[in-house]
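Participant: need a 3D model of the sequence below.
(2 chains)
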Number of protein chains: 2
Amino acid sequence: MGRTSDAKEKILTAAHSLIEQRGYTALGVAEICKAAGVPKGSFYYFFESKEALALAVIDQQWEIQRSDWTRVLRDNAEPLQRLRRLLEETEADLREGQQSCGTVSGCMFGNLTLELSNQTRPIRERLQEVFDAQLKMVDDVIAEARERGEVSVHDTREAARSIVAQLEGQVLFAKLYNNTRHLEALWENCQSLLSVSRTDTAPASS
Amino acid sequence: MGRTSDAKEKILTAAHSLIEQRGYTALGVAEICKAAGVPKGSFYYFFESKEALALAVIDQQWEIQRSDWTRVLRDNAEPLQRLRRLLEETEADLREGQQSCGTVSGCMFGNLTLELSNQTRPIRERLQEVFDAQLKMVDDVIAEARERGEVSVHDTREAARSIVAQLEGQVLFAKLYNNTRHLEALWENCQSLLSVSRTDTAPASS
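Facilitator: Down below sits the predicted model:
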């Protein structure tokens, strides 16, 4: 049992890393098993198909990221401070990833969306669930800030979508130019998109 | 000579359409030639490799798009009206594409960036050139608007990057949800990112 779980975990880890480096389409099951150091037969013991593996990789990645987003967005700080911290932590994570592997690999969900979402329905639906959940979490924080009179947007869901869209777009540029510097603009842009009164907002580190 | 050019054009058209539907990695030269209705031998007469073909597809697409952007962004209307028209035309193009083929295929440059930019250097560099040129065109219009006192941003280049990032992020969502409705937010978000005084701006259709 111990060894079995271990093999599944190894396949997931190898697939995650390979998808991050080269996308989904480029990969074959044989290559994933080789990278994971497990026999090809064990792949089909755990996963029905490469698509099933991709769904499992998305789920695992979202479980980790959702836990990070929950920690930051639902803590006791003021709502806009939480939003700021989310953007700053995202920037720090991407910078760290770049330092460890040499390139900005970007957002796995964004990458798979543009590579695959109009091709495979189960992956499209899973990615929609991930982004729906992200939008909901950001929406909740904006609604809180609006109740406190700190932002003046009519539609908090649309505002959340604009903030996550800005994040995905800037991460796209960070990947293209292999440069995380411009991610520093995220918080300022977020304030603009929310019509935040700038003087109201102390630095996140304070 | 007529037939030769025709075969090259057919390969480019087929490749463009296949890349739009399924990305670059999923395609093989044989499939492209089959879709183009040309013998495989003629492929290598025109293109050294699949990568060379992808570069030619990017160039051709950018030639068309640059001409559209130039028409809109360098005409005689007021600068912010031009920017608004660019966003509205982009939205209309995506909606039209969706109506004709059933799905939002998104932005080819964004798609290829997230699929490929950390894998092949020539494609990364070509896509950087495309986005550099887009940022420059938007930057020029923002600088004009700033000279007229219509926007209040410090760094017009950063503002241009934020606007194109917002566009790419919203197009990513349009592709994921196969829904162009939220692209309507682009102009409002653009105004927020540029700190435009809303009352200054008449509808683009006026």
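
Participant: what's the burial count for A:Asp75?
Facilitator: Number of residues near A:Asp75 (other CB atoms under 10 Å in any protein chain shown) recorded here: 10. Placement of C-beta: from N, CA and C, glycine included.

Participant: counting by contacts, list what the biggest helix by length in chain A packs against.
Facilitator: Taking DSSP state H as the criterion, chain A has its longest helix at helix A:121-147. The contact analysis (3 or more CB pairs under 8 Å, 6 or more residues apart in numbering or on different chains; DSSP states H and E) places helix A:121-147 against helix A:50-73, helix A:79-101, helix A:108-116, helix A:156-176, helix B:156-176.

Participant: now render those as JSON lines, adding mean neighbour count, distance to A:Met137 and mean pLDDT.
Facilitator: JSON lines is the format used below for the helices and strands packed on helix A:121-147 (neighbours: other CB atoms under 10 Å in any protein chain shown; distance: least, CB to CB, whole Å; pLDDT from 0 to 100):
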{"stretch": "helix A:50-73", "mean neighbour count": "16", "distance to A:Met137": "5", "mean pLDDT": "97"}
{"stretch": "helix A:79-101", "mean neighbour count": "18", "distance to A:Met137": "9", "mean pLDDT": "96"}
{"stretch": "helix A:108-116", "mean neighbour count": "24", "distance to A:Met137": "14", "mean pLDDT": "94"}
{"stretch": "helix A:156-176", "mean neighbour count": "25", "distance to A:Met137": "8", "mean pLDDT": "97"}
{"stretch": "helix B:156-176", "mean neighbour count": "24", "distance to A:Met137": "16", "mean pLDDT": "97"}
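
Participant: residues near the nearest residue to A:Leu116 once chain neighbours are set aside, how many?
Facilitator: Once flanking residues are discounted, A:Leu116 sits nearest to A:Ile123: 5.2 Å by CB to CB, 6 or more residues apart in numbering or on different chains. Neighbour count of A:Ile123, defined by other CB under 10 Å: 19.

Participant: domains of chain A?
Facilitator: In the domain annotation for chain A, the residue ranges read A:1-47, A:51-200 (automatic domain parsing).

Participant: and the longest helix of chain A, how far out from the chain middle?
Facilitator: Centre-to-centre, helix A:121-147 and its host chain are 11 Å apart (CA atoms, centre = their mean, to the nearest Å).

Participant: quick one, phi/psi of A:Ser152?
Facilitator: phi -130, psi 70 (degrees, to the nearest 10).

Participant: contact partners for it?
Facilitator: A:Ser152 makes contacts with A:Arg146, A:Leu194, A:Ser195, as judged by CB atoms under 8 Å, 6 or more residues apart in numbering or on different chains.
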